[in-house]
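Undergrad: Need coordinates for the below:
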Amino acid sequence: MHLQIELFSGELLDLMRKVYNDPNISDMVKFDGVTMPEQYEKLADAVENFQVRDDDIWVCSFPKTGTTWTQEMVWCIANNLDYGRGRVPLKDRFPNLEVSVHADFPEIVASNPDIQIPEAVVDSIKYIANSPSPRFIMTHLPFNLLPRQLRTGEKKPKIVYVVRNAKDTCISSYHYLRTLEDLQGSFEDWCNLFLQDAVMYGPFWKHVLGYWEKRTEGNLLFLKYEDMKQDLPGVIKKTATFLGKNFTTDQLLSLTEHLSFENMRANPATNNEDLIRRIKKVTRSTVDGKFMRCGEMNQWKFEMSPDIIERFDRWTRENLKGTGLYF
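TA: Just a heads-up that it's a prediction; the model follows:
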């Protein structure tokens, strides 16, 4: 696979190196316009040629937009509310296709034998390729970097895409990465990177619109985090219909309760706390924080300055003009 590679430079590169403090993460570059670690090039062919199955179920998203919440909802619906099997960690039931690119995990494991990192993380593509059907696959990749069989429509598995407003996504990703990777610099520095599409998987709006444009093709369901917060039972019913399932009122209430923020955060299978503890031993981050920190809407009202809010709002208007998508 031939990828067009563009390097960051100047003040923006200086800011990225200031903020990204984890020595296990290589410099970011742009692959076909998408900001990823340099080492993504090693994984690109494997992603491009990944063998998709018709009965796969995919959850796609930009990071920190409600991915874990959506994964758990989709898995429970597709597995007829089998909460017993749902005790298996979500990262194993619903692995991330490209997570292995986030760091040199084989080297980390070799250098830190006391840190056990799951196969689903160390060699994610092999783990998923060898998994029995039906497979549940999560990815943060934008549409233009998905496996070729998905992009061309050769295979049409069910895809659920979830998005969140850009300001809350920026805030949530900042707190998460401060905890996991000990980000340096200020929150304003992070906002500047976000607005300049210099965060992993950016540009944000191209990511969102790449899936938004495919929403009428029949095999893609487009969800908003805000709708899940305001009417979770309604979103569950919509998703169940998309996946060919139908639940009783009692089952719907049961799943709604299971998916509450409090229960998700308390559930070891979904809160990722064990994996975060392992990764923090490698990154040596001393920042306290939770994978599921808050989950509230409109955090930007309290955490962003008026100037940053205006910049985000202007950026959003410019990118969504004429698309029919709104927040």
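
Undergrad: Helix or strand: which one has Lys214?
TA: If you go by DSSP states H and E, Lys214 is not part of any helix or strand.

Undergrad: my bad, Tyr83
TA: Element membership for Tyr83, per DSSP H and E: none, as it lies in no helix or strand.

Undergrad: Am I right that it is in contact with His258?
TA: Yes: here Tyr83 reaches His258: they are 6.7 Å apart, a contact under Cβ atoms under 8 Å. Where C-beta positions appear, they are placed from N, C-alpha and C, glycine not excepted.

Undergrad: Can you work out which residues contact both of the two?
TA: Taking Cβ atoms under 8 Å, 6 or more residues apart in numbering as the contact rule, the neighbours common to Tyr83 and His258 are Cys76.

Undergrad: Show me which of the two is the more surrounded one.
TA: Under the criterion of other Cβ atoms under 10 Å, the comparison of Tyr83 against His258 puts His258 first, with 17 against 13.

Undergrad: how long is stretch 91-108 end to end?
TA: By Cα to Cα, to the nearest Å, the extent of stretch 91-108 from end to end equals 19 Å.

Undergrad: For it, buried residues please.
TA: Of the residues in stretch 91-108, those scored as buried under the neighbour-count criterion (16 or more other Cβ atoms under 10 Å) are 91, 93-105, 108.

Undergrad: from the residues you listed, which is closest to Trp190?
TA: Minimum separation from Trp190 among those (Cβ to Cβ) is found for His102, which lies at 17.8 Å.

Undergrad: isn't the closest one right next to Tyr40, touching?
TA: No: proximity of His102 to Tyr40 does not meet the contact threshold set by Cβ under 8 Å, at 9.4 Å.

Undergrad: which residues does the most centrally placed residue in the chain contact?
TA: Against the mean C-alpha coordinate of the chain, by Cα atoms, centre = their mean, the closest residue is Pro63 at 3.3 Å. For Pro63, the contact set (Cβ under 8 Å, 6+ apart) comprises His140, Thr169, Ser173, Tyr176, Met200, Tyr201.

Undergrad: got a list of what the nearest residue to the third one once chain neighbours are set aside touches?
TA: What that stands for is Ser173. Taking Cβ to Cβ, 6 or more residues apart in numbering, and ignoring the residues beside it in sequence, Ser173 has Lys64 as its nearest neighbour in space, at 4.3 Å. By Cβ under 8 Å, 6+ apart, the contact list for Lys64 reads Arg164, Thr169, Ser172, Ser173, Tyr176.

Undergrad: Name only those of those residues that count as buried.
TA: Among the contacts of Lys64, those that count as buried by neighbour count (16+ other Cβ under 10 Å) are Arg164, Thr169, Ser172, Ser173, Tyr176.

Undergrad: Okay, and which of those map to helices?
TA: Thr169, Ser172, Ser173, Tyr176 (DSSP state H).

Undergrad: Backbone torsions only: list them for the closest residue to the last one other than its chain neighbours.
TA: Setting aside the residues directly before and after it, Tyr176 is nearest to Lys64 in space (Cβ to Cβ, 6+ apart), at 5.9 Å. Phi and psi for Lys64, reported as degrees, to the nearest 10, are phi 70, psi 40.

Undergrad: Tell me the pLDDT of Lys64.
TA: Lys64 carries a pLDDT score of 95 in this model.

Undergrad: One more: Asn24?
TA: We note a pLDDT of 49 for Asn24 in this prediction.

Undergrad: do the one 4 residues further on as well
TA: If you check Met28, the pLDDT there is 89.

Undergrad: Return the set of residues that bridge with it.
TA: Per DSSP bridges, residues listed as beta-bridge partners of Met28: Pro37.

Undergrad: burial count for Pro203?
TA: 22.

Undergrad: Next up, phi/psi of the spatially closest residue to it that is not a sequence neighbour, please.
TA: Ranked by Cβ to Cβ, 6+ apart and with sequence neighbours excluded, the top spatial neighbour of Pro203 is Asp197, at 3.8 Å. For Asp197, the backbone dihedrals are phi 60, psi 30 (criterion: degrees, to the nearest 10).

Undergrad: again with Ile57
TA: According to degrees, to the nearest 10, the main-chain angles of Ile57 amount to phi -130, psi 120.

Undergrad: residue contacts, it?
TA: Neighbour list for Ile57: Val74, Ala78, Pro134, Arg135, Phe136, Ile137, Pro157, Lys158, Val160, Leu243 [criterion: Cβ under 8 Å, 6+ apart].

Undergrad: Need the pLDDT of the fourth one.
TA: At Arg135, the model reports a pLDDT of 98.

Undergrad: now it: how far from Glu188?
TA: Between Arg135 and Glu188 the computed distance is 41 Å (Cβ to Cβ, to the nearest Å).

Undergrad: Having no further points to raise, I will conclude here.
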